[in-house]
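In: model this:
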Amino acid sequence: MTIGIVFKKPENEIIAIILDVIDYTETDIIGKSSQIKGINLEQMSFVIVDPISIDITYENVNREYNDVEIVDDIPVIVPKIEVIGQKEIIKVILEENGIAIGIGDVFSLENNAVLDWYKSQKDILLKQQCAIFIMSPFTLPFNDHVYKLDLIDQSNLNGTKTWMRDHPEETEIDWEIYDSGYSVVIKHTPEEITALTDFLYMRVKDSIIKRKTLWEQVKVAESKEAIDNINW
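Out: Below is the predicted model of the structure:
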């Protein structure tokens, strides 16, 4: 059995693995289990190597999320981890007594889709960075207090604003601040709740616009290096 490894020089970054290689030309790599088409190997600095050994293992792909559990009749946010799939990890030895030259995800490529794959990964990263930024601490200019609002807090905040609007007799309500880095509950006026809600709305809106703007730059990028240079 011939194992064809496609990797990109000079970093020796493994791009794809084609098992049981049957044949390959300047623009096609053909195997029994998968196939790459339309790639100019020379132009993209790809080479095909028959390694001494190859080891394929599997690793869980996890997703971190916040769940809500009731503890002593109080809703508590609990960080959890969910296994959403697996990815293949490859180690390749090119010469006897040699070291592993690369570890990376295994995937099939068609129609010169290497760059598209990098773009899809950048899109995932930008979405994650956008969500992290929205939920990170910020100072409200209206009262100079520091707030930190996750998705549940954001939903509760909108409900609180509506409730205070419908109950004008209520002049104060408890809300958390993080001026010292940890949670402290203090009284807030309706004006403060309104200012916090409006500020959060603009913060979310501006973050989404920023993510979309960066994604437009990613879509027209013509190299992996150009994609890597687009950052939050």
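
In: alpha carbons only for contacts and neighbour counts from here, please
Out: Noted.

In: what's the closest non-adjacent residue to R203?
Out: Using C-alpha to C-alpha, 6 or more residues apart in numbering and skipping the chain neighbours, the partner closest in space to R203 is I134 (6.9 Å).

In: since we're on that neighbour, how many residues are nearby?
Out: Around I134 there are 20 other residues, counting by other C-alpha atoms under 10 Å.

In: With V92 instead?
Out: Quick note: V92 (other C-alpha under 10 Å) scores 20 neighbours.

In: ditto for I186
Out: I186: 11 surrounding residues under other C-alpha under 10 Å.

In: part of a strand, is it?
Out: Yes: per DSSP: H, G, I helix; E, B strand; the rest coil, I186 lies within a strand segment.

In: Outline the domain layout of the protein.
Out: 3-57+88-111, 134-219 (automatic domain parsing).

In: Least confident of the ones you listed, on average?
Out: If the domains of the chain are sorted by mean pLDDT, domain 3-57+88-111 sits at the bottom with a mean of 62.

In: State the helix or strand in which T139 lies.
Out: strand 138-140 (DSSP states H and E).

In: wait, I meant A221
Out: Counting by DSSP H and E, A221 is found in no helix or strand.

In: Let me see the contact set for the closest residue to it other than its chain neighbours.
Out: Once flanking residues are discounted, A221 sits nearest to I227: 6.0 Å by C-alpha to C-alpha, 6+ apart. Shown here is I227, whose contacts under the criterion C-alpha atoms under 8 Å, 6 or more residues apart in numbering are 118-119, 122, 218, 221.

In: Equivalent analysis for I230, please.
Out: Listed by C-alpha under 8 Å, 6+ apart, the contact partners of I230 are 214, 217-218.

In: give me the number of residues near the residue nearest to A195 when sequence neighbours are not counted?
Out: Leaving aside its sequence neighbours, A195 sits nearest to F142 (C-alpha to C-alpha, 6+ apart; 6.6 Å). F142 sits with 11 neighbouring residues when counted by other C-alpha under 10 Å.

In: is it true that F142 touches T194?
Out: No: counting by C-alpha atoms under 8 Å, F142 does not reach T194; the two are 10.0 Å apart.

In: Settle this for me: R211 is touching Q128, isn't it.
Out: No: under the criterion of C-alpha under 8 Å, R211 makes no contact with Q128, lying 9.9 Å away.
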